[in-house]
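K.L.:
Build me a model from this:
(one chain, ligands or ions: 1)
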Amino acid sequence: MSSYVTGPSRSPGFKPATARRILPQLAERLQGVVLENLPWERLLKLYDSTDTFFFVDPPYICHNEYRHNLKRNDFAALASALSNIKGRFLLTHTDSPEIRAIFADFRFEQVELSYTANRLTRDQKRMVGKEVLISNY
Ligand SMILES: C[S@@+](CC[C@H](N)C(=O)[O-])C[C@H]1O[C@@H](n2cnc3c(N)ncnc32)[C@H](O)[C@@H]1O
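P.N.:
Numbering: from 1, shown residues only. Sure, this is the predicted structure:
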């Protein structure tokens with residue numbers, strides 16, 4: 001697949017000519033997929049069941065990177081709602097004592113990763129971060 005990182009001094013990673021090749025693959029992959037654009041409270045209610053798996057990829061706590069962001073009390077409400085679901089969930093976030101305290105009722109697994117999206121240090125090395133996987137299983 002293509003990189004989506006662009007800028008005035010970079011050539012775009014996406015090559016329109018590849019669309020002809022990848023569109024049939026995308027169409028096949030999206031068979032039966034439903035895309036929703038809803039607040040997490042509604043999604044949990046709508047789709048929760050004993051057979052449901054939720055992958056939860058929220059904005060980083062108290063960052064303002066998106067049009068919609070989550071504050072500390074939103075994360076506390078999310079943790080509370082996730083403790084009442086019938087299904088399973090896996091949530092990712094940068095590791096921090098604050099996040100571990102909010103999700104203290106769940107399982108944690110720390111993973112190291114190198115960021116791919118425009119995350120270079122001053123000496124142009126990829127930034128390595130510590131993420132935490134939080135789950136109820
Ligand atoms: C880290 S991004 C997820 C990126 C996505 N997993 C992907 O790979 O493209 C966090 C997303 O949560 C969305 N978001 C913010 N507030 C939300 C809310 N209350 N309910 C649901 N989604 C929300 C943001 O708009 C943003 O798209």
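
K.L.:
which residue is nearest the middle of this structure?
P.N.:
With distances taken as Cα atoms, centre = their mean, the residue of the chain nearest its centroid is residue 57 (2.6 Å).

K.L.:
mind checking how far it is from the ligand?
P.N.:
Note on residue 57: its distance to the ligand, by Cβ to the nearest ligand atom, to the nearest Å, is 4 Å. To be clear about C-beta, it is placed using only N, CA and C from the backbone, and glycine gets the same treatment.

K.L.:
Now that that residue has come up, it's in contact with residue 78, right?
P.N.:
No: counting by Cβ atoms under 8 Å, residue 57 does not reach residue 78; the two are 11.9 Å apart.

K.L.:
Okay, now the unreliable bits of the protein?
P.N.:
1-6, 116-126 (pLDDT under 70).

K.L.:
For the residue lying farthest from the centre of it, give me phi and psi.
P.N.:
Distance to the chain centre peaks in the chain at residue 17, reaching 28.8 Å (criterion: Cα atoms, centre = their mean). When quoted as degrees, to the nearest 10, the phi and psi of residue 17 stand at phi -60, psi -30.

K.L.:
nearest residue to residue 43 other than its sequence neighbours?
P.N.:
The shortest distance from residue 43 to any non-neighbouring residue, by Cβ to Cβ, 6 or more residues apart in numbering, is to residue 36 (6.2 Å).

K.L.:
ah, wrong one, I meant residue 58
P.N.:
Setting aside the residues directly before and after it, residue 58 is nearest to residue 70 in space (Cβ to Cβ, 6+ apart), at 5.5 Å.

K.L.:
returning to what we had before: determine the three-state secondary structure at the closest residue to the residue nearest to the centre of the chain other than its chain neighbours.
P.N.:
In this structure, residue 57 finds its nearest non-sequential neighbour in residue 92, 5.7 Å apart by Cβ to Cβ, 6+ apart. Taken by DSSP: H, G, I helix; E, B strand; the rest coil, the conformation at residue 92 corresponds to strand.

K.L.:
what are the ranges of the helices in this protein?
P.N.:
For the chain, the helices defined by DSSP state H cover 17-29, 40-47, 72-82, 97-102.

K.L.:
hang on, the earlier thing: looking at it, the residue nearest to residue 58 is touching residue 64, isn't it?
P.N.:
No: using Cβ under 8 Å, residue 70 is not in contact with residue 64; the gap is 10.4 Å.
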